[in-house]
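A.B. asks: Starting from these lines, generate the structure:
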Amino acid sequence: MSAAAAIPDQTPAQGKGLKANALGLTSSIVIATASVAPAYSLAASLGLVSSTVGPQAPIIMLLAFVPMLFVAYGYQGLNEIDPDCGTTFVWGARVFGPKTGWMGALSYT
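C.D. replies: Numbers count the residues shown, from 1 in each chain. Purely as a prediction, here's the structure:
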């Protein structure tokens, strides 16, 4: 067996990628807001958390990070099985319908 034969085929999956005009302005704004929301939430709440709990703030932030870490591992698994750039919106819409996909995407805002 040659070295070239041992490397799996790296071609992209057939039928993957965005269709032409698949995302409009509203869809793009929702996805962008959902992407920015977690970092903004942390930045906006860090001062309030620090002033309220004082020295316990690092452990509170660590405890809040653990569920996000598990979600990231879940997304990693979903991306290995069905890679898609729409993540929650696309996976939720495929399984439960477009309304649920939108609600999943909006839950991050």
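A.B. asks: host element of residue 48?
C.D. replies: Assigned by DSSP states H and E, residue 48 belongs to helix 25-53.
A.B. asks: Give me the mean pLDDT for that helix.
C.D. replies: In this model, helix 25-53 has an average pLDDT of 81.
A.B. asks: mind listing the helices in this structure by residue range?
C.D. replies: Along the chain, counting by DSSP state H, helices occupy 3-6, 25-53, 57-81, 88-96, 98-106.
A.B. asks: for the last one, the distance to its chain's centre please.
C.D. replies: I take that to be helix 98-106. Using Cα atoms, centre = their mean, to the nearest Å, the distance from the centre of helix 98-106 to the centre of the chain it belongs to is 13 Å.
A.B. asks: Repeat that for the fourth one.
C.D. replies: For helix 88-96, the distance from its own C-alpha centre to the chain's C-alpha centre is 12 Å (Cα atoms, centre = their mean).
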